[in-house]
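Chemist: Next come a sequence and a model predicted from it.
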Amino acid sequence: MKTSAPENFEVWAARFSAKVLAFYVGLPILLAFFAVIGSDYVDRIGYDGASIYLLLVALPSWWLVSGLTQLVKVAARRWRPPLWVLTTLGALLSSWPIFLYVMAISDLFHQRWPGGAALPVWPWPQTPGETADLIIRTVRGGAIWVAANYLFDRFFGLPRFRYRQGAGARSDAPLSPGSAPTPAVSTNNAGAPGASIAIAADDSLPPDHEPAILKRLHHAHNISDVLAIKAEEHYVRVYTQENEELVHCRFQDAIQDIDSRVGVQVHRSYWVNGHAIDRVERTESKCEITLVSGLTIPVSQRYREVVRQLVGR
C-alpha cells in the first residue's frame, strides 16, 4: 500500500535536520570563508569576487565528492568497507572531476570577472613541481573530506555512509493495512496536559525484562528514563529528560522489546514513552505530541488512532 503525500512529507521532515544542512552547506561555506582569509584572491579580484569564486568552487565540489562516495558505497556493499575507506575512495575518485571543474571556473573568472585576469589559470600539470602541487591539493582536500565525515558521524550525530546492520525489514518500509500497533491502554484525566498515562504490560515479557538498549545508554538506567526514540538511518537517537544519545542500532530492533510495555510507535521514525506525553495537539493537517521535556514529536496519519486511544480522546 502506497503512503499518502502528507505522510511522505512528514517522513522527509522528520529525517531532515539542521545537521544535514550544516554538513552539506554550512561546512563548505565555512571552508570557503577560511580560504578567502588565507589567500591573495581578495587583493586580486576583491572580497566579493573572491567569495563568489571560492563558493562556486567549494559547494559543487563538496556535493560531487559526496555523490561519488555514495556510488562507492553502493559498489562496495558486498565488502562493506569502513567509513574511512569509503570516504578516501570517494575523494580519490572525485579528484579529477573536481580538478576539471575548478579549471573551468578559473577560466570563466579569468575572462569574465572584472580584474579576473589577475587570477591564475589552472593549467594541466606539465612539470614535476606542478604535479606535486596537484597531489598536495588532492591529499589536503581528501583529508578534509575524510575528517569531516568522521567528525559528523562520531561526534555530531549525523550518520555518514554506513551500511545497514543485520537483516530484517527497513524501519521506513511501507505499512500494510492494519499494521499499526494498537496497545491496550488506560488513561487518567482523559489525556489532559501532564496526565499520567498507563499502558498495559506485555504478558509475554518477564516482569524483570530489561530492554537491551538500556545497556548501551549512559543517561538512562530504567526504561522510564527514555522519553522517545528516533530513527536516524542505521542509528537511533534516544531522548531522556536532560540528554540525548546516538546509538548504532536499527530502529525496529530498539523498540521491539519495549514498544508494547511502556510506549507506542507514533511515526515511522518515532517511538514515545506514554508516561512522557504532556499534551497532544491536533489540527486538520497535522498531529503532534509534546513530551514533558518540551520535545515535539510528529504523529503520522497512520498512527493517529493509536495516539487517540493512548490519551483517551
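Modeler: That came in fine, so what should we check first?

Chemist: and Pro125, that one's in a strand?
Modeler: No: the assignment for Pro125 (DSSP: H, G, I helix; E, B strand; the rest coil) gives coil, which keeps it out of a strand.

Chemist: per-residue confidence for it?
Modeler: pLDDT recorded at Pro125 is 72.

Chemist: tell me the SS of the residue nearest to it when sequence neighbours are not counted?
Modeler: Closest residue to Pro125 apart from its sequence neighbours, by C-beta to C-beta, 6 or more residues apart in numbering: Thr131 at 4.3 Å. The C-beta positions use only the backbone N, C-alpha and C, and glycine is treated the same way. Look at Thr131: counting by three-state DSSP, its state is helix.

Chemist: What is the neighbour count of Thr131?
Modeler: The number of residues packed near Thr131 is 12, by other C-beta atoms under 10 Å.

Chemist: what ranges do the strands span in the stretch 101-250 of the chain?
Modeler: Taking DSSP state E, counting those that start in this stretch as the criterion, the stretch 101-250 of the chain carries its strands at 185-186, 198-199, 228-232, 235-239, 244-247.

Chemist: how many neighbours does the closest residue in space to Lys286 that isn't next to it in sequence have?
Modeler: Setting aside the residues directly before and after it, Lys286 is nearest to Pro298 in space (C-beta to C-beta, 6+ apart), at 7.1 Å. Using other C-beta under 10 Å, the number of residues around Pro298 comes to 18.

Chemist: ok, Pro298 touching Val272?
Modeler: No: assessed by C-beta atoms under 8 Å, Pro298 is found out of contact with Val272, at 10.7 Å.

Chemist: Pretty sure Gly274 sits against Ile258.
Modeler: No: taking contacts as C-beta under 8 Å, Gly274 lies outside contact range of Ile258: 11.2 Å.

Chemist: Among those two, which residue is more densely surrounded?
Modeler: Using other C-beta under 10 Å, the more surrounded residue of Gly274 and Ile258 is Ile258, with 22 against 19.

Chemist: Not counting sequence-adjacent ones, nearest residue to the more buried one?
Modeler: Using C-beta to C-beta, 6+ apart and skipping residues adjacent in sequence, the residue nearest Ile258 is Pro211, 4.5 Å away.

Chemist: burial count for the one you found?
Modeler: 21.

Chemist: hang on, the earlier thing: in three-state terms, label the residue nearest to Lys286 for me.
Modeler: Assigned by three-state DSSP, the conformation of Pro298 is strand.

Chemist: shift numbering so it begins at 51
Modeler: In the new count, where the first residue is 51, that last one comes out as Pro348.

Chemist: If it is in a bridge, with which residues?
Modeler: Pro348 has the following beta-bridge partners by DSSP bridges: Glu338.

Chemist: quick one: pLDDT of it?
Modeler: pLDDT recorded at Pro348 is 91.

Chemist: hmm, back to that, the residue nearest to Ile308 touches Val312, doesn't it?
Modeler: No: judged on C-beta under 8 Å, Pro261 makes no contact with Val312 at a distance of 9.3 Å.

Chemist: Which neighbours do the two have in common?
Modeler: Ile273 (C-beta atoms under 8 Å, 6 or more residues apart in numbering).
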